[in-house]
Every structure is written in structure tokens, then in C-alpha cells.
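would you be able to build a 3D model of this:
(4 chains)
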Number of protein chains: 2
Amino acid sequence: MFPAVTIQPTDFFAALAHETRLRCLILLMRHPELCVCELTHAIGAVQPHVSRHLAQLRELGLVTDRREGLWIFYRVSPVLPDWVAAVLRETFDAVCGERPFVEDDRVLALMANRPGVPRCA
Amino acid sequence: MFPAVTIQPTDFFAALAHETRLRCLILLMRHPELCVCELTHAIGAVQPHVSRHLAQLRELGLVTDRREGLWIFYRVSPVLPDWVAAVLRETFDAVCGERPFVEDDRVLALMANRPGVPRCA
DNA sequence: GCTCAATATTCGTTTTGGGGTATGTTTCCG
DNA sequence: CGGAAACATACCCCAAAACGAATATTGAGC
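Modelled structure (predicted):
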């Protein structure tokens, strides 16, 4: 019904203004949820770097996290204000085919030993 | 045909991440064009402050400027990439009724001695 | 030519944000 | 209970961004 969070426009745009955070968000829009090690691997950064920027997205309410065993899975918040979701979608459509966003998803697809999703038969 | 400029997503969002720049852009979306003194008056800041942030918007290609006598009129660039224009429109629709954006336009409407537009009979 | 009005830019300083590395916390497993 | 794995946080340092005030530029009018 009501979006759970109120997000200041300038805070929202500041969150999108960093490449690491934008790359994480784009990846999270391609997949229902991803854990930190997947995001870290896809982006090719060190883990504290990714964790720090994920924390900023979380504090703003753009993403939510869920613990499952050792892993913490992030997903795009399902209760975003409509205009925030709309801006994210417009941005996604515009950049999902560009660098470095395409490569990020390709690198993720080639990742071995991914938790959760890739259960073999 | 082709948008004249290529704008990096992170640069674009960084431009929107400052309140002064966002307030200028919202005002410029309500009016075909505005000069610096109008923007300065509406926002209630000192002139160098507004000029500096307008310069950043101009360097990014989000606005264009046109000199007419002593005044320099700014307007939202007519050749923005589609997704940039779409994000601006979504943002405008979301915030144009909120503070401080409504007040900015009210203050502007009450401004005396505006150049250009308000020619009396 | 001089002067004033509108705007832009520069300078010095302060603040904010990001990076790298080390360390802390939580959970699972044996 | 003692590891090790996954992730978060803290600390210190540097660079980019913003601010206030002063100054430079541009054009109009006389």
C-alpha cells in the first residue's frame, strides 16, 4: 500500500552517483537477489569496498538484506516509492546494454561455486 | 535526430545530487527559460553560488545558456538523451509539489522587475 | 571614454566522500 | 570449544567538492 520509506531526492541521486553502487543496483535488478560474494566477484573489487557501498544503499532503504547461513543476500527493496522505482527502471533500460554493466553480468554468469541459485541436479 | 551529448550515468546523478542544482533544474522545467537573477531570487542564495552550480549543469550539457543584453538565460537542453529526459520528467512529477520546489516557484512568481517575460500592457 | 548592472570566475579554506588495510562479528562445522 | 568462511565495520589518509568572499568579464547607457 504505502511505500515504507521516504527518500530525499538528493540522497537518492547521490546513491546512484557512484559507479560501484550503480553497478550493484543494476546487477540486483537483473536477479532476484545476490549475495555479497557474487556482487564482489562480478564487479571485481575487494569485499570491504562492496560491503561499504551496499551499506549505504541499505541505509537509504534502496536495498534490503537477508541472512541465510553464512551468506547475506541483497535485493532491491520491494517497497520503493513509485518515482524511485520508475527512475531505476529508466536507468536500467538505458544502461543495461552498456559497459561495464553487461560485463558485470557476464562475469557473474561464469562464477563458480555460487550459493543459493545454481543448484545442480 | 541524435542527442548532441553523451552523459555518463554517474555524472548525471551527481549533478542531481546537490539541492541547488536540483532546484534550478526543477524551476527550469516549469519555465521555458530563466535568467540567473531569477533563479538566484527564487532560491534565495547569493549569485556566485547559483552561477557556479549552473556552470556545472552547463558543462555536463544538461542546460544551455543564451545571452540577451545583460542577462543570460538558461534552459533545459533540448537535445538530452531520451533516458535522461525521462528521469528528469519522473523526478519533476514526483517533487514539483514538495518543498522546497513549490516555494521556489511561488517566490519567483512574486519577483518584481523580472526581465524578458513579464512585460506589462 | 567612464560607470553601472548582470554574471562568471578565482582563491583560500573547510567539509565530505572514498580508498586501503586491519580488525570485529556471525555462523557453520568438526 | 576452536577453527574457518562470509561479511561488516573502524581507522587513517587523501582527494574531490562545496563554501564565502573577492575579483574579473561582458554589455548597456551616457
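
does A:Arg66 lie in a helix or a strand, and which?
strand A:63-68 (DSSP states H and E).

show me what that strand is packed up against.
Secondary-structure packing of strand A:63-68 (3 or more Cβ pairs under 8 Å, 6 or more residues apart in numbering or on different chains; DSSP states H and E): helix A:19-30, helix A:47-60, strand A:71-76. Backbone N, C-alpha and C define where each C-beta goes, glycine included.

the ones you listed: which one's closest to B:Ser77?
In terms of Cβ to Cβ, the element of the helices and strands packed on strand A:63-68 nearest to B:Ser77 is helix A:19-30, at 22.2 Å.

contacts for the closest one, please.
A:15-16, A:34, A:39, A:42-43, A:45, A:49-50, A:53-54, A:56-57, A:62-63, A:74-76, A:88, A:91-92, A:95-96, A:100-101, A:104-105, A:108, B:9-10, B:13 (Cβ atoms under 8 Å, 6 or more residues apart in numbering or on different chains).

and those residues near DNA strand C, which?
Among these, the residues lying close to DNA strand C (Cβ under 7 Å from any atom of the strand) are A:His49, A:His53, A:Gln56.

of the residues you listed - the most surrounded one?
In terms of neighbour count, A:His53 stands highest of those at 22 neighbours, by other Cβ atoms under 10 Å in any protein chain shown.

from A:Asp11, how far off is that one?
Separation of A:His53 from A:Asp11 (Cβ to Cβ, to the nearest Å): 14 Å.

for chain A, what lies in contact range of DNA strand D?
A:35-37, A:40, A:47-48, A:50-52, A:54-55, A:65, A:70-72, A:115.

quick check, nearest of these to A:Val5?
Nearest member of the residues of chain A next to DNA strand D to A:Val5, counting by Cβ to Cβ, is A:Asp65, at 14.5 Å.

so what pLDDT did that closest one get?
Per-residue pLDDT puts A:Asp65 at 97.

just A:His18 next, same as before
98.

same question for A:Gly116.
pLDDT at A:Gly116 comes out at 74.

quick one: neighbours of it, just the number.
Using other Cβ under 10 Å as the criterion, the residues surrounding A:Gly116 number 14.

measure it to A:Val63 for me?
In this structure, A:Gly116 and A:Val63 are 16 Å apart, going by Cβ to Cβ.

go on, A:Cys35?
12 Å.

now stretch A:36-53: buried residues?
Neighbour-count burial for stretch A:36-53, counted by 16 or more other Cβ atoms under 10 Å in any protein chain shown, picks out A:Val36, A:Cys37, A:Glu38, A:Leu39, A:Thr40, A:His41, A:Ala42, A:Ile43, A:Ala45, A:Val50, A:His53.

can you pull the residues of chain A lying near chain B?
Where chain A comes near chain B, counting by Cβ under 8 Å from any Cβ of the partner chain, the residues are A:9-11, A:13-14, A:16-19, A:22, A:81-83, A:86-87, A:90-91, A:93-95.

quick one: end-to-end distance for stretch A:88-101.
14 Å (Cα to Cα, to the nearest Å).

any buried residues in it, and which?
Residues A:Leu88, A:Glu90, A:Thr91, A:Ala94, A:Val95, A:Pro100, A:Phe101 are the ones in stretch A:88-101 that count as buried (16+ other Cβ under 10 Å).

which residues sit against that stretch?
A:16, A:19, A:22-23, A:25-27, A:29-30, A:76, A:80, A:102, B:9, B:81-83, B:86-87, B:90.
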